[in-house]
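> Okay, predicted coordinates and the sequence, questions at the end:
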Amino acid sequence: MNRIFFILATCFLLILPHNILAKQDQSEIESLKDEMNSNFEDMKELIKDKRLDTLKQEMREQYEKLDQKIQVLENKISPSQQNQPKSLQKESSQDLGEWWWKNSLTFDPMPKQWLYHFDLTYSWVRLKGNSIADDHNLQARFVFRKNRITNYFRYNLDKKNRALGDDGVAVANLMTGATKEFVEVNKEVQDTISHHAFYEGRFDILKKFYVSIGGIYDEDDFISIKQRMVGFAGLGGIPFQTETFSLDFYCAVGKEEKEYTSKYHDYAAMLNPYPHLYYILPNYKLGPIRSDIAYIKENIKWAITEHIVLEEDYYYLRDVRDSEKYRWALNCGVVFQFIQNVGISIKYSESFDNTSNVLLGRKRDSCLMNGIQIIF
């Protein structure tokens, strides 16, 4: 009976470490098994010779040694991975990098957990000359992904404080003989605010292609836009992508609805007594203006070094029925990340709106801004 007990106990000791250490380094496991097999042969000889006391002592010593080796190997296993399947261990250790620039199907395996990214950039610039202007710009971007579906949100707040500078006062007096009241009114600070919101929901169909739907919403006091809404749907692709470079191209069609502020309509009413000036507003219309649009955009991201990243985006939007009604915008910036999650940004922006007129302001606008970026 004692022999059977000792043989069963020995077999249990052989099976137990195999189950616990199945996920450990194979060379260490094989070495441990060889040593246990050798001990097992010695134990059989002791059983045959009926030296039970010696066998008991030998088993105690071998068990203590075995327990120490098991503890050493178990310490190499992180507690969070001991009870995880191999597929989940591979996923949890996967380095996703800047995943929001990449197609979800490029990852093997595809991450199953929710992924989030957020960054916030504040920029400021002061312009001097005929007018003095402070331009404050705040941009927030939030991205989250689950499986093949990625959602992109972007919000941009731009606040401009403008007033007639000393040079502008001199020019106004010289050219128009401006009154004191005119000068005082225009030297006061005039605030304008613009809001820009963008959303795009993507579904990755192949490693280099995706379909998406989205919308754009704008308000801009400076160019008398009360609200401008765009809805679109289309097909996009990432023709070239590496660990440090990504090129994204997208084409879509959609609808646009635009409405001007009351100030714009007040200015338009002032032209009624002057028919010879009607050409200024050839397509003037009260109420919302609706149109079918074509929309193209592209994005480039290039990690020049680990701490220097170049980002560029461009879009072109036009009325499909009138080739003269179009607008485009270009943004190009560099972020220098000097500490974790914080960087300095330098951004150049330029836009052109061919639907603009003298009552709305200039068609082309450009700006170079410096700021700070926070990344999560």
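Cool, got the structure.
> Which strand residues bridge the nearest residue to Asp365 once chain neighbours are set aside?
Excluding its sequence neighbours, the residue lying closest to Asp365 (C-beta to C-beta, 6 or more residues apart in numbering) is Ser351, at 5.2 Å. Placement of C-beta: from N, CA and C, glycine included. Per DSSP bridges, the residues bridged to Ser351 are Ala329, Asp365.
> neighbours around Ser351, how many?
The local packing of Ser351 (other C-beta atoms under 10 Å) involves 16 other residues.
> That one reaches Trp328, doesn't it?
Yes - taking C-beta atoms under 8 Å as the definition, Ser351 is a contact partner of Trp328 at 7.0 Å.
> And what about Lys263, helix, strand or coil?
helix (DSSP: H, G, I helix; E, B strand; the rest coil).
> quick one: pLDDT of the nearest residue to it once chain neighbours are set aside?
Of all residues not flanking Lys263 in the chain, Ser224 sits nearest, at 5.7 Å (C-beta to C-beta, 6+ apart). Listed pLDDT for Ser224 reads 81.
> Please apply the same query to Lys128.
Note for Lys128: predicted pLDDT of 67.
> ranges for the strands of the protein?
Under the criterion DSSP state E, the chain carries strands at the ranges 115-127, 131-146, 149-164, 190-204, 209-220, 225-241, 245-260, 289-303, 308-319, 322-339, 342-353, 364-375.
> so which of those comes closest to Gln57?
Of all the strands of the chain, the one in closest proximity to Gln57, counting by C-beta to C-beta, is strand 115-127 (57.5 Å).
> so the residue nearest to Lys263 touches Thr261, yeah?
Yes - counting by C-beta under 8 Å, Ser224 touches Thr261, with 4.6 Å between them.
> When these two are compared, which one has more neighbours?
Legend: neighbour count by other C-beta under 10 Å for Ser224 and Thr261, higher for Ser224 (20 against 16).
> buried ones in stretch 196-205?
By neighbour count on 16 or more other C-beta atoms under 10 Å, the buried set for stretch 196-205 is 196, 198, 200, 202, 204.
> so what's the residue nearest to Asp365 up against?
By C-beta atoms under 8 Å, 6 or more residues apart in numbering, Ser351 lies in contact with 327-330, 364-366.
> at 10 Å what do you get?
Applying C-beta atoms under 10 Å, 6 or more residues apart in numbering to Ser351 gives the contacts 315, 327-331, 362-367.
> and what of Lys255?
Shown in contact with Lys255 (C-beta under 10 Å, 6+ apart): 215, 229-232, 290-293.
> separation between it and Gln227?
As judged by C-beta to C-beta, to the nearest Å, Lys255 and Gln227 stand 14 Å apart.
> next one: Gly215
Counting by C-beta to C-beta, the gap from Gly215 to Gln227 is 12 Å.
> What of Leu310?
From Leu310 to Gln227 the distance is 33 Å (C-beta to C-beta).
> likewise His196?
Taken as C-beta to C-beta, the span from His196 to Gln227 is 12 Å.
> residues shared between the contacts of the two?
Residues touching both His196 and Gln227 by C-beta under 10 Å, 6+ apart: 217-220.
> can you redo those as a markdown table with neighbour count and distance to Asn161?
Listed next are these as a markdown table, based on neighbours: other C-beta atoms under 10 Å; distance: C-beta to C-beta, whole Å:
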| residue | neighbour count | distance to Asn161 |
| --- | --- | --- |
| Tyr217 | 15 | 24 |
| Asp218 | 18 | 20 |
| Glu219 | 14 | 17 |
| Asp220 | 20 | 15 |
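> Relative to Gln340, which of those residues is nearest.
Nearest to Gln340 out of the shared contacts of His196 and Gln227 is Tyr217 (C-beta to C-beta; 33.3 Å).
> What sits closest to the closest one if chain neighbours are left out?
Using C-beta to C-beta, 6+ apart and skipping the chain neighbours, the partner closest in space to Tyr217 is Ala197 (4.4 Å).
> Thought Phe142 was touching the one you found, still the case?
No - under the criterion of C-beta atoms under 10 Å, Ala197 is not in contact with Phe142, lying 11.4 Å apart.
> Now do the shared contacts for those two.
Common neighbours of Ala197 and Phe142 are listed as 153-155 (criterion: C-beta under 10 Å, 6+ apart).
> can you count the residues close to Asn272?
Around Asn272 there are 9 residues (other C-beta under 10 Å).
> so what's it scoring on pLDDT?
So Asn272 comes in at 72 (pLDDT).
> separation between it and Tyr284?
Distance from Asn272 to Tyr284, by C-beta to C-beta: 11 Å.
> Kindly report the same for Tyr260.
9 Å.
> Those two - which one has more neighbours?
Per other C-beta under 10 Å, whichever of Tyr260 and Tyr284 has more neighbours is Tyr260, with 23 against 15.
> quick one, what contacts the more buried one?
Applying C-beta under 10 Å, 6+ apart, we find Tyr260 in contact with 223-228, 267-268, 284-289, 359-360.
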